[in-house]
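A.B. asks: model the following, please.
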Amino acid sequence: MAAASRTGYTFPQKTLHWLMALAIFFNLLFADGMEQWNRLVRRGEPVTAADISSANIHAYVGIAILLLCLVRLVLRLVQGVPEAPANEPKLAKLAAKIAHWAFYALFAVMPLAGIGKYYFGNEVAGDLHGGPLKLLLWVLIVVHITAVLVHQLYWRTNLIKRMT
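C.D. replies: Numbering: from 1, shown residues only. Presented below is the predicted three-dimensional model:
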């Protein structure tokens, strides 16, 4: 991994972070088309072109998230990441590392599970995608935002500046 003596992420890293955040929130908040398609398929009911189109949007955004994740991971490995704030407790540093790698794992596993369900009909993959993986992603997002707020408002490290 490259040396990380800078205080912020690079412009490409920031851009990928925010593009992925938008895509992930889009898919989390607007999954109705995929859920409708899934309900129809499970019941054996007819699926309309509009249903397929709505489900495809969710699928294509998920595939984009997977591809962006891979690019982001390469950039992380090549360009490195900024050091944690010096006064951050060791346990918080460890938690941040675990959370960030858990995000990367979810950014890859969730789209792959969705692909498994949508394109290959794997029910287990679909159940994982829409169940525990989705819940874990929401939990990590809440923890991530809470950690940023703790840094900003309690520890006053101005951590948010690294990604804005």
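A.B. asks: roughly how far apart are the residue positioned nearest the centre of the chain and Leu140?
C.D. replies: Of all residues in the chain, the one closest to the mean position by Cα atoms, centre = their mean is Phe107, 4.5 Å from it. Here Phe107 is placed at a distance of 10 Å from Leu140 (Cβ to Cβ, to the nearest Å). All C-beta spots, glycine's among them, are computed from the backbone N, C-alpha and C.
A.B. asks: can you check which residues contact both of those two?
C.D. replies: Common contacts of Phe107 and Leu140 (Cβ atoms under 8 Å, 6 or more residues apart in numbering): none found.
A.B. asks: what lies in contact with stretch 139-150?
C.D. replies: Residues contacting stretch 139-150 (Cβ under 8 Å, 6+ apart): Ile24, Ala92, Ala95, Ala96, Ala99, Ala102, Phe103, Leu106, Leu159, Ile160.
A.B. asks: that one: how far from the chain's middle?
C.D. replies: 13 Å (Cα atoms, centre = their mean, to the nearest Å).
A.B. asks: how about it as CSV, C-alpha atoms only?
C.D. replies: Taking Å, rounded to 0.1, in the frame of the first residue of the first chain, the C-alpha atoms of stretch 139-150 are listed here in CSV:
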residue,chain,number,x,y,z
VAL,A,139,-26.3,-0.7,10.1
LEU,A,140,-22.8,0.1,8.7
ILE,A,141,-24.1,3.3,7.1
VAL,A,142,-25.6,4.5,10.4
VAL,A,143,-22.4,3.6,12.3
HIS,A,144,-20.3,5.4,9.6
ILE,A,145,-22.3,8.6,9.7
THR,A,146,-22.4,8.5,13.5
ALA,A,147,-18.6,8.0,13.6
VAL,A,148,-18.1,11.0,11.4
LEU,A,149,-20.4,13.1,13.6
VAL,A,150,-18.5,12.0,16.7
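A.B. asks: is it true that Ile47 touches Trp37?
C.D. replies: Not quite, residue 47 is Val, not Ile. Yes. Look at Val47 against Trp37 with Cβ atoms under 8 Å: they come within range, at 6.2 Å.
A.B. asks: who has more neighbours out of these two?
C.D. replies: Higher neighbour count among Val47 and Trp37: Trp37, with 22 against 14, using other Cβ atoms under 10 Å.
A.B. asks: ok, that one - contacts?
C.D. replies: Val47, Asp51, Ile52, Ser54, Ala55.
A.B. asks: filter the residues you listed down to the buried ones and express that as a PyMOL selection.
C.D. replies: Per 16 or more other Cβ atoms under 10 Å, the buried members of the contacts of Trp37 correspond to this PyMOL selection:
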select buried, resi 51+54+55
